[in-house]
Every structure is written in C-alpha cells, then in structure tokens.
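> Return a 3D structure for these sequence lines:
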Amino acid sequence: MAVADLKNGAGFSKVWPDARSALEGILRDGMLLAIGGFGLCGVPDALILALRESGVRGLTIASNNAGVDQCGIGMLLQTRQVRKMISSYVGENNEFERQYLTGELEVEFAPQGTLAERMRAGGAGIPGFYTRTGVGTLVAEGKEHKEFDGVTYILERGIQADLALVKAWKADRLGNLVYRLTARNFNPNAATCGRITVAEAEILVEPGELDPDEIHTPGIFVHRVVHNPNAEKRIEKITTREA
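Model (predicted):
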C-alpha cells in the first residue's frame with residue numbers, strides 16, 4: 001500500500017518514508033534480485049544498505065558488477081548475504097575474488113550486452129533468446145546451440161527477478177523515473193524485469209512536472225520510491241598527472 005498523497009488529494013503516491021520501510025514485507029531468503037548500476041554510478045546505495053540491515057541471506061543477484069569492497073553490492077558480500085552473482089565484470093572487488101576462489105560464492109559470468117538483454121527480455125515477458133555472443137567459449141557450455149542461416153547461436157534465458165532495486169536521478173510520486181548519463185546503462189532494464197521494483201531517486205517532483213518525453217521508466221513498472229537527496233558521488237578510480 002502506498003503512502004497517501006495528502007498535498008493535492010489527487011490520486012496516490014508511491015513514495016515511502018525511507019529505504020527500510022520500502023523493503024518491508026518484500027524480502028525473504030533465497031530471492032533473485034536485479035540491481036542497477038554501472039561501476040559506482042547509478043547504484044541504489046540506500047536500498048542496498050537497507051537490504052544488508054534486514055539480514056536476508058542466500059541471495060542471487062543479477063548486476064553488471066559487484067561494486068567494490070564495502071560499497072554497493074560489496075556491502076552484501078562483506079556480510080556473506082550473497083550466494084550467487086550473475087555479472088559481467090567483477091574485477092574491482094577483492095572480497096568477491098576471495099569468496100569465489102574459496103568456493104563460498106557461485107558466479108555466473110555473462111557478457112555485458114547479453115546480461116542487459118537478459119534483463120530486458122525478462123521485463124518484456126520473453127523467456128529466452130538466441131545470440132552469437134559467447135559461441136565457442138566457456139559461456140556457451142551447457143547451453144542449447146541452434147543454427148540460423150548457417151550461423152550458430154546459443155540460447156540465453158531472460159531474467160525475471162523477484163525484486164529489482166534501481167537508482168534514478170529524478171522521480172515523481174507516481175514512480176516515473178529519469179536516469180542521468182551512465183546510470184541509464186543497466187537501471188532501465190533492471191527496473192522492468194523485477195516482479196516488484198523499488199527505486200531510489202535524488203530528486204523528487206510532483207506528478208506532471210516531468211516531461212513525458214524525458215521519462216525512461218514509466219511508473220507502471222515501479223511499485224515503491226524512496227527519496228535520497230544526499231546520495232554520495234563516488235569515484236571508482238582517481239587518475240592524476242602533473243601539470
């Protein structure tokens with residue numbers, strides 16, 4: 001149930017007071033989550049922190065990467081709440097590496113474009129699709145191969161997550177979302193593939209203030225919204241040179 005919009009009395013609001021309350025009644029052990037973000041950009045940090053504090057365990061997380069140590073999904077790795085990662089790049093997380101090499105963490109690697117399409121397909125109700133990416137590599141092992149016009153493709157399954165957590169730049173109270181720059185890479189696909197989708201946004205506006213042509217994720221896909229106006233802007237790698 002959404003929080004009543006008492007300001008204008010017109011309709012309802014999907015905005016919840018904080019990240020913890022926005023996840024109440026949703027979480028359970030063993031869930032499959034889709035989490036937006038690209039490196040340290042567009043990561044729903046407040047929601048991930050609330051997820052960590054909930055104590056839920058045995059999670060499978062589909063995300064482009066696992067953040068870095070103690071940031072992003074890295075926070076969940078530190079507390080051993082993740083059972084499996086479905087990712088395309090994980091090279092900046094030492095704890096991820098340690099858990100993988102010791103057998104504590106299961107990893108399913110997916111090429112970046114394939115992972116994005118798996119989320120998009122799941123959100124569109126497409127259970128699987130064929131792609132040439134990965135043919136002849138370890139990625140193709142155990143997957144169906146099929147030939148089209150003399151070319152071999154492999155079958156990849158769409159991802160339909162129990163819960164999607166995404167980060168938006170702007171949102172209105174009806175859940176319409178706008179992303180900014182690199183944050184648009186994985187967040188829109190993650191948002192649509194969740195059976196339940198919770199978004200955090202830096203800027204919250206009233207219905208009608210967003211230009212319809214600006215909206216990247218329509219509110220029909222979003223169930224709950226959290227306002228996080230003071231999101232930390234992290235830099236993954238700082239490179240300097242002498243003047």
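> Find the nearest non-adjacent residue to the residue most central in space within the chain, please.
Within the chain, one residue has its C-alpha closest to the average C-alpha position: by C-alpha atoms, centre = their mean, that is residue 35, at 1.8 Å. What sits nearest to residue 35 in space, not counting adjacent residues and going by C-beta to C-beta, 6 or more residues apart in numbering, is residue 63, at 4.3 Å. Any C-beta I mention is one placed from the backbone N, CA and C, and that applies to glycine too.
> Surely that neighbour touches residue 73?
Yes. Using C-beta atoms under 8 Å, residue 63 is in contact with residue 73, at 6.0 Å.
> can you list residues touching both of those two?
Contact criterion C-beta atoms under 8 Å, 6 or more residues apart in numbering; residues bridging residue 63 and residue 73 by contacting each: 35, 85.
> check contacts around the residue nearest to the centre of the chain.
Contacts for residue 35 were tallied using C-beta under 8 Å, 6+ apart; they are 43, 44, 48, 61, 62, 63, 73, 164, 165, 166, 190.
> that older thread, who has more neighbours, residue 63 and residue 73?
Counted by other C-beta atoms under 10 Å, residue 63 and residue 73 do not tie: residue 73 has more neighbours, with 30 against 26.
> shouldn't the more buried one be in contact with residue 62?
No. With contact defined as C-beta under 8 Å, residue 73 does not reach residue 62; the gap is 10.6 Å.
> Would you map the helices across this structure?
Counting by DSSP state H, the chain has these helices, from start to end: 19-23, 45-54, 74-78, 94-101, 112-123, 187-193.
> looking at those, which is buried most?
The highest average neighbour count among those, using mean count of other C-beta atoms under 10 Å, belongs to helix 187-193 at a mean of 28.
> Counting by contacts, list what that one packs against.
The helices and strands touching helix 187-193, judged by 3 or more C-beta pairs under 8 Å, 6 or more residues apart in numbering; DSSP states H and E, are strand 32-35, helix 112-123, strand 161-172.
> just the CA coordinates of that helix, formatted as CSV?
Extracted C-alpha coordinates of helix 187-193, given in CSV (Å, rounded to 0.1, in the frame of the first residue of the first chain):
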residue,chain,number,x,y,z
ASN,A,187,18.9,0.6,-14.4
PRO,A,188,16.1,0.7,-17.0
ASN,A,189,16.4,-3.0,-17.9
ALA,A,190,16.7,-4.0,-14.2
ALA,A,191,13.6,-1.9,-13.4
THR,A,192,11.4,-3.7,-15.9
CYS,A,193,12.5,-7.3,-15.1
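> quick one, what contacts the nearest residue to residue 37 once chain neighbours are set aside?
By the measure of C-beta to C-beta, 6+ apart, the closest residue to residue 37 outside its immediate chain neighbours is residue 43, 3.7 Å from it. Listed by C-beta under 8 Å, 6+ apart, the contact set of residue 43 reads 35, 36, 37, 67, 71, 72, 167.
> Pick out whichever of the residues you listed sits closest to residue 106.
The shortest approach to residue 106 among the contacts of residue 43 belongs to residue 35, at 16.6 Å (C-beta to C-beta).
> ok, residue 62 touching residue 159?
Yes. Contact between residue 62 and residue 159 holds when scored by C-beta under 8 Å: they sit 5.3 Å apart.
> Now do the shared contacts for the two.
Counting by C-beta under 8 Å, 6+ apart, the residues touching both residue 62 and residue 159 are 32, 34, 86, 118, 119.
> okay, the third one: pLDDT?
Think residue 86. The predicted structure scores residue 86 at 96 on the pLDDT scale.
> Any idea what the nearest residue to it once chain neighbours are set aside is bridged to?
Using C-beta to C-beta, 6+ apart and skipping residues adjacent in sequence, the residue nearest residue 86 is residue 62, 4.1 Å away. Legend: beta-bridge partners of residue 62 under DSSP bridges are residue 34, residue 86.
> got the contact list for residue 62?
Counting by C-beta under 8 Å, 6+ apart, residue 62 touches 32, 33, 34, 35, 86, 87, 115, 118, 119, 159, 161, 190.
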